[in-house]
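Student: Only the shape, not the letters, is given here:
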């Protein structure tokens, strides 16, 4: 009889302990669930890379800053800028041609023009050419392919532009210039120009690589 009582008490005690454990576990789960429901989700934002500025060489000199009276070095030759022709096309395109004197009475023109649709301080967006005169022998610009000094040139562009002179150019202060441009397979350019009322003159050039011009300004 005593053993039965002890066994009953033990079972009752075990039941009470298990019940307390289960209740405590459920309460803990409810507390953790409630806590999780109020936590804000953590977001990890990857910072966007800062834009990389356009890199321009420290020693790069923008040829658009050339002025009459400057000394420039181009292709190993130092020349003085005697004058400039500021050109404007009927479409609004603008560029400048500089008359250079290297001291040997051989005059050249340096043209600086922004490429179509591109405006930038980056020299890669500029078309810079050093023009050397060639004898025309009475030739006039044709609308078909022509041969000059053994090189075949195909028609590229022709038209009329307004110009304004600065310094010494051998041209009037203002006027109109007719031109006809041609292109060879090697990239060489040929250009016929005439101030209206004068004969045609011709010159050819290859585009100069960026940074090929140095400017020495006089104080």
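Tutor: Thanks, I have the structure now. The model shown is predicted, which means the values in this text are computed figures rather than measured ones.
Student: Give the next helix or strand downstream of the lowest-mean-pLDDT helix or strand in the chain.
Tutor: One helix or strand of the chain scores below all others by mean pLDDT, DSSP states H and E: helix 2-37, with a mean of 45. Heading C-terminal from helix 2-37, the first helix or strand you meet, by DSSP states H and E, is strand 71-74.
Student: which helices and strands does the following helix or strand past that following strand pack with?
Tutor: Sequence-wise, the next helix or strand downstream of strand 71-74 (DSSP H and E) is strand 77-88. Applying 3 or more CB pairs under 8 Å, 6 or more residues apart in numbering; DSSP states H and E, one finds that strand 77-88 makes contact with strand 71-74, strand 94-101, strand 151-167. (Glycine included, C-beta is placed from N, CA and C.)
Student: Need the contact partners of the longest one.
Tutor: In other words, strand 151-167. With contacts defined as CB atoms under 8 Å, 6 or more residues apart in numbering, strand 151-167 is touched by 68-69, 81-90, 99, 141-147, 171-186, 188-190, 196.
Student: next one: stretch 64-79
Tutor: Identification of contacts with stretch 64-79 by CB under 8 Å, 6+ apart yields 80-84, 96, 98, 100-103, 108, 110, 112, 126, 130, 166-167, 208, 212-218.
Student: So which bits of that stretch are buried?
Tutor: Neighbour-count burial for stretch 64-79 flags 66, 70, 72, 74, 79 (criterion: 16 or more other CB atoms under 10 Å).
Student: Against residue 161, how distant is residue 91?
Tutor: Using CB to CB, to the nearest Å, residue 91 is found at 10 Å from residue 161.
Student: ok, those two, which is more surrounded?
Tutor: Set residue 91 next to residue 161 and count neighbours by other CB atoms under 10 Å: residue 161 wins out with 19 against 8.
Student: coming back round to it: where's the dip in pLDDT among the buried residues of stretch 64-79?
Tutor: Among these, residue 74 has the lowest pLDDT, at 91.
Student: now the contacts of stretch 64-79: which count as buried?
Tutor: Using 16+ other CB under 10 Å as the burial test, these include 80-84, 96, 98, 100, 108, 110, 112, 126, 130, 166, 208, 213, 215 as buried.
Student: Of all the helices and strands packed on strand 77-88, which one comes closest to residue 134?
Tutor: Closest to residue 134 of the helices and strands packed on strand 77-88 is strand 151-167 (CB to CB; 10.0 Å).
Student: okay, the angle between that closest one and strand 77-88?
Tutor: When axes from the mean of the first three to the mean of the last three CA atoms, to 10 degrees is applied, the directions of strand 151-167 and strand 77-88 differ by 80 degrees.
Student: Next, the buried residues of strand 151-167.
Tutor: So, applying 16+ other CB under 10 Å, buried residues of strand 151-167: 153, 161, 163-166.
Student: nearest to residue 61, of the residues you listed?
Tutor: residue 166 (19.6 Å).
Student: For that closest one, list each beta-bridge partner.
Tutor: Residue 166 forms beta bridges with residue 84, as assigned by DSSP bridges.
Student: where's it relative to residue 132, distance?
Tutor: As defined by CB to CB, residue 166 lies at a distance of 22 Å from residue 132.
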